[in-house]
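Q: pasting a predicted model and its sequence here:
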Amino acid sequence: MKQGPLKGIKVLDFSQVLSAPFCGMMLADMGAEVIKVERPGAGDISREYGPYINEISLYFCQYNRGKKGIAIDMRSEEGKKVVMDLVAQADVVIENFKADTLEKLGIGYEKMLEVNPNLIYGSISGFGTYGPLSHLPCMDIIAAARRAATLPSSPGSPSATPGRDSSFCGDCPWPCSTASGPARASGWTLPCWTALSICASPRCWNTP
């Protein structure tokens, strides 16, 4: 049995790669029961990221430790019903889809509230949930370029050339902010919905 401040909290984790999986990892570390929902077959695309041990991605394991897992075809009617049954039993839902992805499937935030009026919902996206870029997919390197957060490969060197910062500037700060919601939710009015954009995260600069 898990121990920790979030023992007894159930989290439904619709996430891929880093930002939202990192959030779910921290909630699991704090004792929550986290159920990760993946596509049948391929699953989370980070399962394809190396390095590997026994054909298992260590990248995937790093950010999805301590979670349970289920494969659901959310495009099928049967899959949608399974999702909503899980939502009805959950305290928290986290996802990092493009804006309106779940809404287009008919299982978005408003539909979830119909079966669970006390739901805490956390959304991490590249360009927010509304606006001219909200429909676009985004990875950390795209967010870094949009924020001009690329850095010289050798800061302070006259011959330095532009290069990508070694840290994940956008993917890492927002999971921490999102994960803090369920940890403090006892004093909030439910339901609660929070949306964070990695392109709005603070710039990260290395000290030469």
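A: Here it is on my side, so go on. Numbering: from 1, shown residues only.
Q: which neighbouring elements make contact with the strand or helix carrying residue 93?
A: Assigned by DSSP states H and E, residue 93 belongs to strand 92-95. If contacts are counted by 3 or more CB pairs under 8 Å, 6 or more residues apart in numbering; DSSP states H and E, strand 92-95 sits against strand 10-14, helix 19-29, strand 120-125, helix 173-184. Glycine gets a C-beta too; all of them are placed from N, C-alpha and C.
Q: can you pull out the strands in the chain?
A: Taking DSSP state E as the test, the strands found in the chain are 10-14, 33-38, 52-53, 56-57, 68-71, 92-95, 120-125, 151-152, 162-163, 192-197.
Q: and those: which comes nearest residue 80?
A: Checking these against residue 80 by CB to CB gives strand 33-38 as the closest, at 11.8 Å.
Q: next, the angle from that closest one to helix 19-29.
A: Interaxial angle of strand 33-38 relative to helix 19-29 (axes from the mean of the first three to the mean of the last three CA atoms, to 10 degrees): 150 degrees.
Q: show me the shaky parts of this protein.
A: Residues of the chain meeting the criterion pLDDT under 70: 1-2, 126-128, 130, 134, 136-191, 193-208.
Q: residue 13 - nearest residue in space that isn't next to it in sequence?
A: Nearest residue to residue 13, sequence neighbours excluded (CB to CB, 6 or more residues apart in numbering): residue 24, at 4.0 Å.
Q: need the strands of the chain in a markdown table with distance to residue 101 and mean neighbour count, can you?
A: Shown next, in a markdown table, are the strands of the chain (distance: least, CB to CB, whole Å; neighbours: other CB atoms under 10 Å):
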| stretch | distance to residue 101 | mean neighbour count |
| --- | --- | --- |
| strand 10-14 | 9 | 23 |
| strand 33-38 | 13 | 22 |
| strand 52-53 | 29 | 12 |
| strand 56-57 | 23 | 14 |
| strand 68-71 | 18 | 13 |
| strand 92-95 | 8 | 25 |
| strand 120-125 | 9 | 24 |
| strand 151-152 | 32 | 18 |
| strand 162-163 | 32 | 10 |
| strand 192-197 | 13 | 17 |
